[in-house]
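Chemist: Make a model of this:
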Amino acid sequence: MALIKECRGKSPVHGNDCWFAENATIVGDVTMGDQCSVWFNAVIRGDVNSITMGNKVNVQDGAVIHCTFEKTKTVLGNNVSIGHNALVHGCTVEDNVLIGMGSIVMDNCYIESGSIIAAGAVLKEGTRVEAGSIYAGVPAKKVKEISPELFEGEVMRIANNYVKYSGWFRD
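Modeler: Below is the predicted model:
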């Protein structure tokens, strides 16, 4: 069973049909919607501020979601995929977003809906990502618009597949 801990009088809460890997860690002021999954070695630390996640959010292996004490909260919309070993910190992510493997999203970033943050990208503090675009590089910059095929084939496919994958691990 995942490590789910109360901190500073707040305990994580989650909606229906969520799945947490045995070695996932979820701490403090964390609220999740329905059909979320938190994978192996992922950490969601709502100890210093709140973390709010919509429906069908998947936090893949080794990813870390955190925020800054008394400054920044983390808010994730619906159908958000946080790739393996990504770091998402004190930011807002709208609906239908893919944050690629190993990427870093810093405080006060705002990622508009239907976007992709490429694997290994680094969003500097305060970056605003335009809806329907791909940001890549260090520091990350807009590289192109997302086609409807890429949106359906990557952003939505991954969000939906992680609901399916979590079903493989249920008791």
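Chemist: right, and residue 169 touches residue 22 too?
Modeler: No - look at residue 169 against residue 22 with C-beta atoms under 8 Å: they stay out of range, at 9.1 Å. For glycine as for every other residue, the C-beta is placed from the backbone atoms N, C-alpha and C.
Chemist: which of these two has more neighbours?
Modeler: More crowded of residue 169 and residue 22, by other C-beta atoms under 10 Å: residue 169, with 13 against 9.
Chemist: dump the residue contacts of the closest residue to that one other than its chain neighbours.
Modeler: Once flanking residues are discounted, residue 169 sits nearest to residue 19: 6.3 Å by C-beta to C-beta, 6 or more residues apart in numbering. By C-beta atoms under 8 Å, 6 or more residues apart in numbering, residue 19 lies in contact with 36, 37, 38, 166, 167, 169, 170.
Chemist: confidence score at residue 150?
Modeler: For residue 150, the pLDDT comes out at 95.
Chemist: State the helix or strand in which it lies.
Modeler: helix 148-150 (DSSP states H and E).
Chemist: And the next helix or strand past the helix or strand of the chain with the lowest mean pLDDT?
Modeler: Sorting the helices and strands of the chain by mean pLDDT, DSSP states H and E puts helix 148-150 at the bottom, at a mean of 95. Next helix or strand after helix 148-150 toward the C-terminus (DSSP H and E): helix 157-167.
Chemist: Contacts for that following helix next, please.
Modeler: 17, 19, 35, 37, 56, 58, 60, 79, 80, 81, 96, 98.
Chemist: one more time with 6 Å
Modeler: The contact list for helix 157-167 (C-beta atoms under 6 Å, 6 or more residues apart in numbering) reads 19, 35, 37, 56, 58, 79, 81, 98.
Chemist: Kindly report the same for stretch 76-96.
Modeler: Contacts for stretch 76-96 (C-beta under 6 Å, 6+ apart): 53-68, 72, 74-75, 97-107, 109-114, 155, 158-159.
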